[in-house]
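# Sequence and predicted model, in that order:
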Amino acid sequence: MSSVEFWESKSLEQMTTAEWESICDGCAKCCLHSFIDSDEEDDFESTDFLREGEELLYTNVICQYSDINTGGCTRYSERQTLVPSCVQLTKENLKDIFFMPKSCSYRRLYEGRGLASWHPLRHQGSKNVMHDAGISIKDKVILETQVNLEENFEDHIVEWPEHDQN
C-alpha cells in the first residue's frame with residue numbers, strides 16, 4: 001500500500017504551518033531583484049498581475065542576506081523588518097503569485113502542476129537534485145552589496161530564473 005504525501009492530498013489552504021513552510025524548496029529565486037518592464041513606463045502603477053505589454057524580468061542580483069551557496073536567508077526571522085519588500089507568501093496572498101518564478105513550489109501547486117521531481121521533500125530534504133537541475137541560485141548570483149544597480153542594472157538581467165522542469 002502506497003501512502004499519499006500531504007502535498008498530494010491537501011490544498012495549500014489546508015496545510016498546517018509546518019507543511020506550508022516545507023513546501024518552500026529553498027531555491028532563493030524569490031530573493032532575486034526583479035522588475036516589471038512596461039511598454040507604458042510613463043503610466044506605470046503597481047498591480048497584483050501583469051498587464052498587456054508588461055514583462056517580469058529577473059536579475060542575477062540577490063538580497064544581501066541570502067546565502068549564495070545554500071539559498072537560505074541568513075536573517076530569516078528578521079527578514080521582513082530588514083527588507084520590508086521581502087516576499088512572504090501566505091495563504092491570503094497566494095492568488096497574487098504571478099511574480100514568483102514558474103518553478104516556485106507554491107506556484108506549481110497553486111497552478112495544479114504538482115511538486116517537481118527535484119523538490120527536496122522528494123529527496124529526504126536534500127537540495128542536491130534541485131541544484132543539479134539548475135533550479136536554484138547556487139553558483140549564479142551576486143550579492144546586491146557587490147554591484148551598483150543604478151549604473152548597470154541591464155547587465156544583470158537573466159533568463160535562468162524562469163527555468164522549470166518537472
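Thanks, I have the structure now. Numbers count the residues shown, from 1 in each chain.
# pull the longest strand from this protein.
strand 54-62 (DSSP state E).
# Tell me the helices and strands packed up against it.
strand 32-38, strand 142-143, strand 157-158 (3 or more Cβ pairs under 8 Å, 6 or more residues apart in numbering; DSSP states H and E). Placement of C-beta: from N, CA and C, glycine included.
# for that strand, the distance to its chain's centre please.
With Cα atoms, centre = their mean, to the nearest Å as the basis, strand 54-62 stands 11 Å off its chain's centre.
# picking up where we left off before, in CSV, list the helices and strands packed on strand 54-62 along with distance to Asn60.
Output for these, formatted as CSV (distance: least, Cβ to Cβ, whole Å):
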stretch, distance to Asn60
strand 32-38, 7
strand 142-143, 6
strand 157-158, 5
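# Need those strands in JSON lines (columns: distance to Ser105 and mean pLDDT).
Shown next, in JSON lines, are the helices and strands packed on strand 54-62 (distance: least, Cβ to Cβ, whole Å; pLDDT from 0 to 100):
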{"stretch": "strand 32-38", "distance to Ser105": "16", "mean pLDDT": "81"}
{"stretch": "strand 142-143", "distance to Ser105": "24", "mean pLDDT": "95"}
{"stretch": "strand 157-158", "distance to Ser105": "20", "mean pLDDT": "94"}
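# which residues of the chain fall in helices?
Under the criterion DSSP state H, the chain contains helices at 6-9, 17-23, 79-82, 105-110, 128-132, 149-152.
# most packed of those?
By mean neighbour count, with neighbours taken as mean count of other Cβ atoms under 10 Å, helix 105-110 ranks first of the helices of the chain at a mean of 20.
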